[in-house]
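*Asks:* mind looking at a prediction? Sequence and model below.
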Amino acid sequence: MEAALPGHRPARAPGRVDLLQLLAPRGNPAPLAEARRRDSLDKRTRVLTAITALEKEGQPVTFAAVARTARVSAWLTYAPGVREHIEAAQLRQARLTTIPAQLGNPPTFISLRAELELAREEIKELRTERDRLHDALRHQLGRQLDALHTPDLAAKAEELARQNVHLTSQLQQASAARTAAEKLLSFRR
């Protein structure tokens, strides 16, 4: 087998087709881009069809249900341009579930499921908000407690400063007395 030189492609067997040449003849990326665009359009069309089908069947329109029905990745359902359609369908379902209750009709299993899904989302958002407010309150209370203890700390600092001055004075007096005592002892010797 020949050693491949940098930038040199080994010779192909006769009759073998290069995959890149097949997909993009003569290095032209336009066919690949066009194929990608068609694939993306097809997936987005399947998502919209799935939303419509779920609504007609009375099934709750969730991101996971739409992805499963359309046979696309869940990531695509959260993408801009798709997410808005799903959220709009969820709002339509939410409005439809409140209309029968207002008219006195008993709610259906499907409408209750849609309401439950929306309630779960709201609960999730409220828990997040509660946790954020809890942390903010905890920090605020900590600051208030620090502010309450600050005067106590100031008074304690002043008391310690007074004691320091008093002890320094006593130390100076004791040092002076020691020096005087040492002088007396040195004269007596």
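*Replies:* Yes, it's here.
*Asks:* report the longest helix in the protein, please.
*Replies:* In the chain, with assignment by DSSP state H, the single longest helix is helix 109-188.
*Asks:* now it: how far from the chain's centre is it?
*Replies:* Taking Cα atoms, centre = their mean, to the nearest Å, one finds the center of helix 109-188 at 32 Å from the center of the full chain.
*Asks:* what does the pLDDT read for the most centrally placed residue in the chain?
*Replies:* For the chain, the residue nearest the mean C-alpha position is Thr128 (10.8 Å; Cα atoms, centre = their mean). You'll see Thr128 listed with a pLDDT of 93.
*Asks:* likewise Glu84?
*Replies:* For Glu84, the model assigns a pLDDT of 93.
*Asks:* so what's the residue count around it?
*Replies:* 10 (other Cβ atoms under 10 Å). In this view, the C-beta of every residue, glycine as well, is placed from N, C-alpha and C.
*Asks:* same question, Asn105
*Replies:* Applying other Cβ under 10 Å, we find 10 residues neighbouring Asn105.
*Asks:* what of the one 4 residues further on?
*Replies:* When neighbours are counted by other Cβ under 10 Å, Phe109 registers 8.
*Asks:* same deal with Gln59?
*Replies:* Residues near Gln59, counting by other Cβ under 10 Å, number 17.
*Asks:* any idea how far Gly142 is from it?
*Replies:* 49 Å (Cβ to Cβ, to the nearest Å).
*Asks:* and if you look at Glu121?
*Replies:* Distance, Glu121 to Gly142, by Cβ to Cβ: 32 Å.
*Asks:* Thr45 now?
*Replies:* Using Cβ to Cβ, we find Thr45 at a distance of 55 Å from Gly142.
*Asks:* next: Pro80.
*Replies:* Distance of Pro80 to Gly142, computed by Cβ to Cβ: 40 Å.
*Asks:* so if I had to pick from those two, which one is more boxed in?
*Replies:* For Pro80 versus Gly142, the count of surrounding residues by other Cβ under 10 Å is larger for Gly142: 10 against 6.
*Asks:* so for that one, what's the pLDDT?
*Replies:* 86.
*Asks:* ok, the one 5 residues further on next?
*Replies:* Confidence per residue is given as pLDDT, and for Ala147 that number is 75.
*Asks:* just give me the neighbour total for it.
*Replies:* A count of nearby residues for Ala147, using other Cβ under 10 Å, gives 9.
*Asks:* repeat for Ala114
*Replies:* Neighbours of Ala114 under the rule other Cβ under 10 Å: 25.
*Asks:* can you check Ile86 too?
*Replies:* Using other Cβ under 10 Å, the number of residues around Ile86 comes to 22.
*Asks:* got it, and the one 4 residues further on?
*Replies:* Gln90 has 20 neighbouring residues, counting by other Cβ under 10 Å.
*Asks:* report all helices and strands that the longest helix of the chain contacts.
*Replies:* Judged by 3 or more Cβ pairs under 8 Å, 6 or more residues apart in numbering; DSSP states H and E, helix 109-188 is in contact with helix 83-103.
*Asks:* fine by me, we can end here.
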